[in-house]
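Colleague: test case, fold it:
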Amino acid sequence: MANRGTVWVDWANYWATGDSSSKAQSLPTLTKLGKHLNPNGRGVDGALMDLEYQRMELLRFNLYDNKTFESYIKGQGNIAGPVIKTWEEMRLPPTHPQFQQVSNEKGEQLCKNDLIRFRNLTGICNDIYNPAMGSTNQLFARNMRFEATFPDLGENELARNRHADRLSLLKPDPQVISRKLFTRAQQKPDACNFGQGLPDNAKEAQCDYKKAPFFNVLAAYWIQFMTHDWFYHLREGQNSPTKISVGCASQLVNNQEQPITPEQAAKLGCRPNDKVDAAVIAQQNPAPSFEYDGKTYLQRAPKTTENTVTAWWDASQIYGFDETSIKRVKRDPKDGAKLEMAPRGSHSGAGEKFGYLPVFNSCDSSSTDCVTDPINPAWKGQEAAAFADNWTVGLSFYHNLFVREHNLFVDAFRAKAAATPQADSGLRNPVKPDQIITYKNVSDEELYQAARLVVAAEIAKIHTTEWTTQLLYGEPMFLGMNANWNGLLERDNPVSNVLGKIVVNRLAKSPSETKANQFYSVFASGAGIFGLGSHRYKDLPGFLGYLPGKKDIWDLRNPEHINGGVNHFGSPFNFPEEFPTVYRLHPLIPDLLEFRDLQKPNDIVKKVPVVSTFRGKATQAMTDGGLSNWALSLGRQRLGLLTLQNHAQFLQNLEMPRLQTETNKIDIPALDLIRDRERGVPRFNEFRRQYGLTQLTSFDDFLDRKLKADSPERKEQERLIGLLREVYGQHKCDAGKIITDAQLNADGSAINDCLGHANGSMVDNIEDLDTVVGWLSEFTRPHGFAISETQFHVFILNASRRLFSDRFFTSSFRPEFYTTLGWQWVMDNGPGGKQWEANMSNGHKVEVSPLKRIMLRTMPELAGQLADVVNIFDPWARDRGEYYSLQWKAKAESVADESFR
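Modeller: This next block holds a predicted model:
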């Protein structure tokens with residue numbers, strides 16, 4: 001209670017939400033119910049309740065679709081906007097190749113037959129009543145009022161009051177922000193060489209960075225692998241042909257803006273002659289408006305952008321998302337159900353027999369016997385993948401890993417087919433739903449598509465229950481993320497079953513917004529989102545959970561059964577533009593990768609510059625290193641903290657010959673800021689207000705108040721806050737200017753330009769702070785959070801929506817689509833049933849994780865290294881200690897590892 005008035009959510013003072021020091025020493029309880037009555041139970045329960053209330057409010061207040069917002073406000077006839085389930089805007093247009101297949105004579109659209117069997121290339125027909133939803137080239141949505149977006153345009157009085165004339169695409173200067181607030185300091189600059197390392201990848205190279213003790217570099221590359229599946233603004237690696245400046249033009253000196261001289265540019269390290277292609281904008285004509293209930297609303301944001309990949313969690317980065325990308329996907333010429341892999345390198349591990357991805361064919365197209373892959377010239381020499389942009393050795397690692405997994409599933413299915421050819425595979429064809437498809441009659445294409453469903457589900461499960469629980473390393477998030485997938489209770493628990501009935505039968509169909517949306521999101525946490533609505537029972541026709549012993553009458557002929565488990569909360573699913581913003585996580589990447597060999601895992605053999613493993617160079621790096629050695633190397637090394645002055649220097653000086661500019665270089669951290677500004681992301685303080693978070697009133701609010709006044713950590717934070725003030729400046733405030741309508745002050749008054757300070761006083765330009773800079777400045781975080789509170793709230797909303805909205809993770813998670821083997825494979829993390837870790841972890845009996853099982857299948861030579869690894873994204877040599885310890889302490893067998901010196 002003492003800290004309720006602070007800016008940040010106060011989990012730090014909840015019992016049992018930190019390490020063991022946060023736990024109360026209470027008596028053991030005798031029942032499961034009793035544990036919720038002791039302090040530790042109440043503390044964790046309180047945090048979970050906070051999370052659920054946050055999700056309820058975010059689902060209610062933060063869904064703004066650029067195509068359907070007017071109907072969300074007005075409703076459709078007697079249907080309130082937040083419970084609308086179908087939209088004309090989500091229909092396929094008459095020009096679409098599948099238009100006739102989904103349309104009837106009444107003008108209605110319904111996906112059926114082959115269009116509902118598997119994941120379609122462009123993402124259509126995931127929702128069978130809204131064929132276009134989530135498909136390639138749909139508009140990004142927003143998570144905040146359209147009027148709050150694009151503040152630099154100054155199109156409304158609130159934006160003008162909030163920022164005056166201080167904002168533009170290059171104000172404050174993005175390269176100045178990058179160089180002053182993002183650059184990693186180096187003790188031995190020559191040994192780092194701006195991230196280029198030393199000749200021959202010598203291990204004596206040294207690039208300093210602030211390290212996270214409980215997260216590894218595999219986790220950094222994982223999120224790059226994920227975002228390639230979820231969103232993309234470019235078209236085949238290209239933005240707009242128009243070139244724009246990227247700054248190094250002006251800076252504040254004694255709170256006055258002045259041009260940067262050549263001498264100052266040299267001292268900062270910025271480049272005034274850098275240019276980059278402008279962002280692609282879908283619509284930039286003035287946004288139309290509409291009136292409703294005495295209020296005026298914008299129909300859409302002032303500008304819009306398109307998501308050029310599918311928004312579904314469908315592994316499209318591997319399997320393709322349009323007619324061009326599918327041509328880059330190499331099918332095995334000897335087995336149509338598999339993806340092509342070939343031997344490469346000279347490594348001897350047991351997993352080497354599974355091979356590596358082939359390389360893009362970029363031969364001379366004038367040759368009569370050559371078919372050139374459709375690639376951007378910059379992708380020459382890369383391994384073949386549907387999504388080929390921004391290719392790194394980390395992406396190479398995950399693409400090779402999951403293609404091996406795809407092929408192993410195919411092998412397991414074929415082995416079952418050989419053993420029991422006449423047995424029911426579980427697969428069904430909607431054209432002939434009553435016809436059993438035996439194992440021997442499953443075609444290559446059917447098996448390929450079922451394997452894709454399995455791999456996509458595994459990826460989603462890994463991210464939800466494994467990556468996120470290490471990113472947010474604490475008991476509330478462990479329980480919360482597992483609840484998102486499996487439910488707070490075991491699937492066969494009667495309470496979980498009742499929750500499943502409440503959620504899908506009564507709440508999802510309710511005309512009441514509160515019941516249909518808010519309560520739905522609460523009770524789905526109990527039943528679990530995954531598989532929600534995938535069972536039906538004759539004597540309980542509305543019950544959609546799982547009941548052991550009851551006859552399941554789920555019917556492929558019934559559209560409501562196929563689609564009945566999803567909930568879009570009145571707004572079509574796509575990612576909002578704010579979602580890519582919170583995934584600007586470049587500080588995670590070190591400058592140098594510490595390469596190791598399985599033969600001597602405690603030794604760093606060499607230090608490989610990350611910049612030397614980009615694009616086509618990733619192919620050679622993977623060939624030379626081998627998949628299992630890269631797994632060990634990336635698994636042992638800590639990634640960088642998401643904080644100020646921790647961006648890799650190579651990113652600020654990245655060679656980009658394709659730009660054909662005077663410098664042919666780009667400052668990626670500066671470009672992050674420009675892209676957010678181009679795409680209309682509000683600045684940090686209004687961003688927080690729009691998400692329901694507490695605003696800051698000065699840069700000093702970033703200080704972690706738990707730190708002692710004379711501690712080194714506090715002094716460092718004060719230094720960085722001084723830099724924020726130097727870069728963004730101050731102004732004389734005017735209490736007569738109202739700056740937002742997203743929130744009110746505690747006393748009910750409007751928030752004004754002075755933010756609680758005296759009228760006419762000098763106040764920090766906290767309203768101008770870029771979002772990325774803001775959350776990197778959030779030094780106050782809950783225990784074990786690798787990301788900031790602000791980023792976390794964007795995740796709370798959107799991470800749940802992509803599960804809630806996908807029928808292949810809810811009501812169509814069935815053997816009819818996945819095959820019986822595939823369904824069980826996802827449920828058990830592989831063949832052979834569930835497996836459990838030998839030891840408890842953080843007080844829990846834990847299942848062997850899905851990613852660990854995949855690594856052991858695809859790289860059996862890692863068995864020794866992974867024997868006592870609980871979470872693949874925790875540094876493999878770190879001793880996890882007791883109850884969510886964040887200590888950097890070596891396991892007994894890794895004491896000699898030089899990274900612990």
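
Colleague: C-alpha only now, for contacts and for neighbours.
Modeller: Will do.

Colleague: show me where the stretch 701-850 of the chain has strands.
Modeller: All strands of the stretch 701-850 of the chain, identified by DSSP state E, counting those that start in this stretch, fall at 730-732, 762-764.

Colleague: in the last one, what's buried?
Modeller: Buried positions in strand 762-764, judged by neighbour count with 16 or more other CA atoms under 10 Å: 763-764.

Colleague: that strand pairs with which strands, and in what direction?
Modeller: Using DSSP bridges, the strands paired with strand 762-764 are strand 730-732 (antiparallel).

Colleague: buried residues in the partner strand, which are they?
Modeller: So, applying 16+ other CA under 10 Å, buried residues of strand 730-732: 730-731.

Colleague: ditto for stretch 237-246
Modeller: For stretch 237-246, by 16+ other CA under 10 Å, it's 237, 239, 245-246.

Colleague: what is the nearest of the residues you listed to L556?
Modeller: G237 (39.8 Å; CA to CA).

Colleague: so that closest one versus F402, what's the distance?
Modeller: Counting by CA to CA, to the nearest Å, the gap from G237 to F402 is 23 Å.

Colleague: tell me which other helices or strands whatever helix or strand L408 lives in touches.
Modeller: In this assignment (DSSP states H and E), L408 forms part of helix 393-419. Judged by 3 or more CA pairs under 8 Å, 6 or more residues apart in numbering; DSSP states H and E, helix 393-419 is in contact with helix 217-230, helix 444-462, helix 616-625, helix 627-636, helix 850-858.

Colleague: of the ones you listed, which approaches L479 most closely?
Modeller: Taking CA to CA, helix 444-462 is the member of those nearest to L479, at 14.2 Å.

Colleague: what sits up against stretch 229-246?
Modeller: The contact list for stretch 229-246 (CA atoms under 8 Å, 6 or more residues apart in numbering) reads 170, 174-175, 272-280, 305-317, 375-376, 389, 575, 580, 670-671, 674.

Colleague: give me the pLDDT value at I73.
Modeller: Reading off the confidence values, I73 has pLDDT 96.

Colleague: scratch that, A385
Modeller: At A385, pLDDT is 97.

Colleague: measure K600 to F402 for me?
Modeller: 26 Å.

Colleague: looking at those two, which is more packed in?
Modeller: F402 (22 against 10; other CA atoms under 10 Å).

Colleague: leaving out the residues flanking it, which one is nearest to the more buried one?
Modeller: Ranked by CA to CA, 6 or more residues apart in numbering and with sequence neighbours excluded, the top spatial neighbour of F402 is V455, at 7.1 Å.

Colleague: are any of the contacts of stretch 229-246 buried, and which?
Modeller: Buried by 16+ other CA under 10 Å: 170, 174-175, 272-276, 278-280, 305-317, 375, 389, 575, 670-671, 674, out of the contacts of stretch 229-246.

Colleague: show me what contacts the residue nearest to F402?
Modeller: With CA under 8 Å, 6+ apart, V455 has these contacts: 315, 402, 405-406.

Colleague: next, the distance between the ends of stretch 530-538.
Modeller: 22 Å.

Colleague: mind listing what's buried along it?
Modeller: Buried-residue list, stretch 530-538, by 16+ other CA under 10 Å: 530-537.

Colleague: ok so N685 is a strand residue?
Modeller: No. Looking at N685 with DSSP: H, G, I helix; E, B strand; the rest coil, it is helix, so not inside a strand.

Colleague: looking at the buried residues of stretch 237-246, spot the one nearest K706.
Modeller: Out of these, the member with the shortest distance to K706 (by CA to CA) is V246, at 38.2 Å.

Colleague: against A278, how distant is that closest one?
Modeller: 10 Å.

Colleague: please identify which helix or strand holds the nearest residue to G154 once chain neighbours are set aside.
Modeller: Distance criterion CA to CA, 6+ apart; nearest residue to G154, sequence neighbours excluded, is R160 at 5.2 Å. Following DSSP H and E, one finds R160 within helix 157-163.

Colleague: distance from that helix to the middle of the chain?
Modeller: 31 Å (CA atoms, centre = their mean, to the nearest Å).

Colleague: list the buried residues for it?
Modeller: 158-163.

Colleague: next structured bit after it?
Modeller: Following helix 157-163 in sequence, per DSSP H and E, is helix 174-177.

Colleague: who touches that following helix?
Modeller: So helix 174-177 is contacted by 246-248, 250-251, 268, 270-271, 667, 670-671, 673-674, 727 (CA under 8 Å, 6+ apart).

Colleague: give me the angle between the helix holding L408 and helix 217-230.
Modeller: Counting by axes from the mean of the first three to the mean of the last three CA atoms, to 10 degrees, helix 393-419 lies at 80 degrees to helix 217-230.

Colleague: show me what contacts R184?
Modeller: By CA under 8 Å, 6+ apart, the residues touching R184 are 208-209, 645-649.

Colleague: I meant to write R725 there.
Modeller: 699, 764-765.

Colleague: can you redo those as CSV with distance to T819 and pLDDT?
Modeller: Below are these laid out as CSV (distance: CA to CA, whole Å; pLDDT from 0 to 100):
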residue, distance to T819, pLDDT
F699, 55, 98
D764, 59, 98
N765, 58, 98
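
Colleague: so can I have CSV of these showing distance to G881?
Modeller: Converted to CSV, the contacts of R725 look like this (distance: CA to CA, whole Å):
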residue, distance to G881
F699, 36
D764, 42
N765, 43
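
Colleague: quick check, nearest of those residues to Q835?
Modeller: Distance to Q835 across these (CA to CA) is lowest for F699, with 49.2 Å.

Colleague: tally of neighbours for the closest one?
Modeller: 22.

Colleague: that one reaches I721, doesn't it?
Modeller: Yes. Counting by CA atoms under 8 Å, I721 is a contact partner of F699 at 6.2 Å.

Colleague: pLDDT below threshold where in the stretch 351-500 of the chain?
Modeller: When residues are selected by pLDDT under 70, those of the stretch 351-500 of the chain lie in 364-369, 487-500.

Colleague: right, I mislabeled it, should have said the stretch 551-700 of the chain
Modeller: For the stretch 551-700 of the chain (pLDDT under 70), the answer is none.

Colleague: re the thing from before, name the nearest of the contacts of R725 relative to G355.
Modeller: Checking the contacts of R725 one by one against G355 (CA to CA), the nearest turns out to be F699, at 52.6 Å.
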